[in-house]
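> Got a predicted structure here, sequence first:
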Amino acid sequence: MIEKNIAKIKKLPSRELGFWGESLAIEFLISEGHKIIDRNWYNSNLGELDIISEHNNQIVFTEVKTRRNIKTGQPFEAVTVSKYHQIYKLGQSWKKMHKINQVSRIDIIGITILDKIKIKYQPNFIAYKYY
């Protein structure tokens with residue numbers, strides 16, 4: 001069903017495309033055994049966490065990058081060292097606010113919408129500098 005709507009999905013404005021990608025990522029994470037705790041958690045000083053879930057007794061902060069083309073690079077390439085540190089700080093802020101001491105990790109989901117939709121999942125993502 002989704003594959004038939006690729007042309008419509010590609011035409012979505014950026015913000016709506018991002019929200020669509022996050023929704024698809026949530027479906028994927030649930031299929032992988034994640035329990036979704038929160039979505040689009042916002043801290044006015046630090047930014048936003050896309051998805052917060054629990055998986056294997058860990059709190060997981062998942063960043064979702066959705067691309068309708070790869071002219072500007074693959075989705076994972078958008079998660080720079082700076083972005084990684086921002087996600088880490090946001091995660092610590094979320095844990096402090098919710099009084100959670102559980103082990104946490106950062107996962108990345110990259111979604112590309114070319115001739116078909118592809119989801120790439122990287123649990124326990126480590127930020128790389130791209131040279």
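That came in fine, so what should we check first?
> pLDDT weak spots in this structure?
Within the chain, the ranges that satisfy pLDDT under 70 run 1-4, 127-131.
> Using the three-state scheme, assign residue 73.
The local conformation at residue 73, judged by DSSP: H, G, I helix; E, B strand; the rest coil, is coil.
> For the helix or strand hosting residue 62, could you pull out the residues that count as buried?
Here residue 62 sits within strand 58-67, counting by DSSP states H and E. Under the neighbour-count criterion of 16 or more other C-beta atoms under 10 Å, strand 58-67 has 59-67 buried. Yep, even glycine has a C-beta here, placed from its N, CA and C like the rest.
> now these in a markdown table, with distance to residue 32?
Shown next, in a markdown table, are the buried residues of strand 58-67 (distance: C-beta to C-beta, whole Å):
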| residue | distance to residue 32 |
| --- | --- |
| 59 | 15 |
| 60 | 10 |
| 61 | 15 |
| 62 | 11 |
| 63 | 16 |
| 64 | 14 |
| 65 | 18 |
| 66 | 18 |
| 67 | 21 |
